[in-house]
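Engineer: 3D model of this:
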Amino acid sequence: MKFLILTPDFPLWDGGVAAWAEKLSFFLAQAGHEVQVATPLQLPGDPGYDARQNYHVTRLRNVKDRYFKYAYSQWRLGSLLRNGGFDHLIALTWFPYANAALRLAPDIPLTLFAHGNDFLENRWQRPFWNARMRKAFTGARRIIAVSRETERALHETVPNLQNRVHVLFPAVDPNEFLPVAAVKGPPVLLSLGRVVSRKGQDMVIRALPAILNEFPDTEYWIAGRGSDTERLKTLAAELGVQSRVQFLGLVPQEERVRLYQRCTIYLMPSRTIAEKGDFEGFGITYLEANACEKPVIGGRSGGVADAVVDGMTGFLVDPNSAAEISEKTLRLLRDPALAMQMGRRGRERIISELNWKMTTDKLLNLLANES
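Structural biologist: Numbers count the residues shown, from 1 in each chain. Just a heads-up that it's a prediction; the model follows:
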């Protein structure tokens, strides 16, 4: 079969959507299918990355304005869809490409992914965008929700989707994210992802004084970029913990693996910010840390409960409670055997249930059964 994957994010850009697009492309191609990706050019190294892949990548102009981006997609995808001979279209988010695909290639089945923010954020509730968002979801042949909570929220937001919504969790390649022998040094708490309010890095900083009171050499590493960085630096200074917090910025993929391997506990106490429609659909980074045999702590919100098995692969906490975050962190720091056990259970889950080969096979089965 020949697939066209339409995605607004793709490596070298990071994030959950980019991870989905990259891994589906690779494993579909590895399974013998012909794959073409259409995605914006975002970073200078993108062409070099594309040339190393086992599929073809078409880079589109990176249009910033939302309205122009939407209009551009209608025009730019025309030649791809008319001349591509595709059997299936996969859109990793409805914006900006799904409506263009439905209009320009109505006879080619479209599989559309739903994550959370891609249909819940306030901007999509404005009449112009809401109408187009609903049209995309109602026009898709099938919809993949990345968590059970995403599925629930989508049915609530876009009614009458009937039995076209299927839940398929993200995954990790256990051959890429590998455990290593324990590294000597101070305890390291790690958060990796966009530095925005939803991710909850501020609550880890608020929990630090209690953690440092018992483990004074603990370090907190924040990897990623985002609009909340300066606020977090100010908060760390106000609480007197700035010397224990490191802001690492955007890190390349190979460095991400090393960070997981070095950390003691992975924390991302994500929360839902209802007034903004800001929602954690799943959280692939919990799985990445688990694959490196690290215990994880996640916020009890959105689809995180599908990523973190509470009490087994890590802990779920109230994302607005610094006390609960510090309590669960201290429990793992005090009990290295428990931390190791949770990390190992997490990796076992990746190998048996949540690896990209299995996820790609599940998607192919859905396509075969509903074509």
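Engineer: residues in contact with the lengthiest strand in the chain?
Structural biologist: Using DSSP state E to define each element, the chain has its longest strand at strand 34-40. In this structure, residues lying in contact with strand 34-40 by Cβ atoms under 8 Å, 6 or more residues apart in numbering are 1-10, 21, 25, 28-29, 55-63, 77, 80, 84, 86, 97. All C-beta spots, glycine's among them, are computed from the backbone N, C-alpha and C.
Engineer: residues near residue 319, how many?
Structural biologist: With neighbours defined by other Cβ atoms under 10 Å, the count for residue 319 comes to 25.
Engineer: and the closest residue to it other than its chain neighbours, what does it touch?
Structural biologist: Taking Cβ to Cβ, 6 or more residues apart in numbering as the measure, residue 319 lies nearest to residue 299, with 3.1 Å between them; neighbours along the chain are not counted. With Cβ under 8 Å, 6+ apart as the criterion, the residues that contact residue 299 are 200, 268-271, 280, 316-319.
Engineer: list the beta-bridge partners for residue 299.
Structural biologist: Following DSSP bridges, residue 299 is listed with bridge partners residue 317.
Engineer: give me the distance between it and residue 363.
Structural biologist: According to Cβ to Cβ, to the nearest Å, residue 299 and residue 363 sit 28 Å apart.
Engineer: for residue 75, same thing?
Structural biologist: 29 Å.
Engineer: quick one, what contacts residue 223?
Structural biologist: For residue 223, the residues meeting the contact criterion (Cβ under 8 Å, 6+ apart) are 190-193, 248-251, 256, 259.
Engineer: biggest separation within the residues you listed, which pair?
Structural biologist: With distances taken as Cβ to Cβ, the most widely separated pair in those is 190 and 250, at 14.7 Å.
Engineer: those two: which has the busier surroundings?
Structural biologist: residue 190 (26 against 16).
Engineer: that's a strand at that one, yeah?
Structural biologist: Yes: secondary structure assignment (DSSP: H, G, I helix; E, B strand; the rest coil) places residue 190 inside a strand.
Engineer: for it, report the pLDDT, please.
Structural biologist: Turning to residue 190, the model gives it a pLDDT of 98.
Engineer: OK, contacts around it?
Structural biologist: 220-221, 223, 259-260, 262-263, 265-267, 289.
Engineer: of the residues you listed, which is the most crowded?
Structural biologist: In the contacts of residue 190, the most neighbours by other Cβ under 10 Å go to residue 289, 33 neighbours.
Engineer: isn't it up against residue 266?
Structural biologist: Yes: counting by Cβ atoms under 8 Å, residue 266 is a contact partner of residue 289 at 3.5 Å.
Engineer: what touches both of those two?
Structural biologist: Shared between the contact lists of residue 289 and residue 266 (criterion: Cβ under 8 Å, 6+ apart) are residues 190, 260, 295-296.
Engineer: just those: which are in helices?
Structural biologist: residue 260 (DSSP state H).
Engineer: just give the number of residues close to residue 109.
Structural biologist: By other Cβ under 10 Å, 16 other residues sit near residue 109.
Engineer: that one touches residue 88, doesn't it?
Structural biologist: Yes: when contacts are counted by Cβ under 8 Å, residue 109 is listed as touching residue 88 (5.6 Å).
Engineer: centre of the chain to stretch 106-126, how far?
Structural biologist: The gap between the average C-alpha position of stretch 106-126 and the chain average comes to 15 Å, counting by Cα atoms, centre = their mean, to the nearest Å.
Engineer: same check, this time on stretch 7-25
Structural biologist: Between the mean C-alpha point of stretch 7-25 and the mean C-alpha point of its chain there is a distance of 9 Å (Cα atoms, centre = their mean).
Engineer: do the same with stretch 131-141
Structural biologist: Relative to its chain's centre, stretch 131-141 lies at 22 Å (Cα atoms, centre = their mean).
Engineer: spatially central residue in this protein, please.
Structural biologist: When the chain is reduced to its mean C-alpha position, the closest residue under Cα atoms, centre = their mean turns out to be residue 16, at 2.2 Å.
Engineer: any idea how far residue 74 is from that one?
Structural biologist: 26 Å.
Engineer: for residue 94, same thing?
Structural biologist: Distance of residue 94 to residue 74, given as Cβ to Cβ: 14 Å.
Engineer: neighbour count winner among these two?
Structural biologist: Shown here are residue 94 and residue 74; by other Cβ under 10 Å, residue 94 has more neighbours (29 against 15).
Engineer: the more buried one in helix, strand or coil?
Structural biologist: Assigned with three-state DSSP, residue 94 falls in the coil class.
Engineer: what's near enough to touch the spatially closest residue to it that is not a sequence neighbour?
Structural biologist: With Cβ to Cβ, 6+ apart as the measure, residue 136 is the residue that lies nearest to residue 94, at 3.8 Å, once sequence neighbours are left out. Taking Cβ under 8 Å, 6+ apart as the definition of contact, the neighbours of residue 136 are 91, 94-95, 98-99, 102, 112.
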